[in-house]
Structures are given as structure tokens and as C-alpha cells.
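Peer 1: Build the 3D model from these lines:
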Amino acid sequence: MGRKRDIIIKGFSKLLKEDKLKLVAEYFENPGEVIELLKSFWHSDESQQKLFDEFSENTITNFIIPYGIAPNVIINGRNYLVPMVIEESRAELPQGEKYHLEPDRFTLVGGGQQIEVGQGITGFKPQG
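Peer 2: The predicted structure is shown next:
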């Protein structure tokens, strides 16, 4: 029989979450520790974790990164607080927060579209 990495996995998406986790952990020298580590990122509230599990297919754990806010983002002349989940530091932004304060720095592409709370800002194009 070939090495585990040479075996094609069929029906992975049909497995229970625990079985997917065990299968992934078998690729490591210390599967028990891997399972314990991956489970440590699960939400303690089972109903909340169920929601996370439904975001994507084949979920085995959560990936936690900082959730920040970009203040003073002026879009079409209106000031917004924009939520961001990124790994870049504020220092990476041109001139930090002041960059967003310049008038008309961001304008809505396509004009007049309604942006709903919770939508991404992929419809916005930086000016300049």
C-alpha cells in the first residue's frame, strides 16, 4: 500500500467533521496533539460553532485573526468605520489613518448603488 499522501481521498465532504479532523491528523507524527490543537480553536458555544461550520465546506476548525476597524474612511463624502479582517499592520497603509481623511479618496464605482451593512467594499475604487 502507498503512503497516505499518495492515496486519493474520496467522499471527504460527506464525512462527519470529527472524521475529517481525524483523517487530516493522520498526516502528522502526533495526530492526538494535532486534533487537540485544532479543536482548541472551536467556539465554546455549540450553536455559534455550528454557524461557523456552515460558512464553508469541509470545515475542521476555525482560523482566528484580528478583527479591526479602519476609522475615518470617507466614501462619497460620508465618513465610515470600515471593519477589516487582515494581517497587515496599520503602518502598511499610506500615511496611516490620515490617508482616508482626504476628500474623495474613495468613490463608489457605478454610482448610486446602495451599500448594505455587512457588504464588502469591493465595489469601491481608491482614487489617486
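
Peer 1: so where's the protein uncertain?
Peer 2: The model of the chain has pLDDT under 70 over residues 1-5, 87-128.

Peer 1: hmm, try it at 50
Peer 2: 1-2, 91-96, 100, 117-128 (pLDDT under 50).

Peer 1: So which residues of it form strands?
Peer 2: For the chain, strands defined by DSSP state E occupy the ranges 68-75, 78-84, 106-108, 124-126.

Peer 1: Looking at these, spot the one closest to Q49.
Peer 2: strand 78-84 (21.3 Å; C-beta to C-beta). Backbone N, C-alpha and C define where each C-beta goes, glycine included.

Peer 1: As a check, name the ranges of all helices in this structure.
Peer 2: Remark: helices assigned in the chain by DSSP state H are 17-25, 31-39, 46-55.

Peer 1: Need these in a markdown table (columns: distance to I7 and mean neighbour count).
Peer 2: As requested, these are exported to a markdown table (distance: least, C-beta to C-beta, whole Å; neighbours: other C-beta atoms under 10 Å):
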| stretch | distance to I7 | mean neighbour count |
| --- | --- | --- |
| helix 17-25 | 10 | 16 |
| helix 31-39 | 16 | 14 |
| helix 46-55 | 25 | 11 |
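
Peer 1: I'd like these as a markdown table, with distance to A70 appended.
Peer 2: Shown next, in a markdown table, are the helices of the chain (distance: least, C-beta to C-beta, whole Å):
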| stretch | distance to A70 |
| --- | --- |
| helix 17-25 | 34 |
| helix 31-39 | 31 |
| helix 46-55 | 23 |
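
Peer 1: among those helices, which is nearest V73?
Peer 2: Closest among these, using C-beta to C-beta: helix 46-55, at 25.4 Å.

Peer 1: residue contacts, F63?
Peer 2: Applying C-beta atoms under 8 Å, 6 or more residues apart in numbering to F63 gives the contacts F41.
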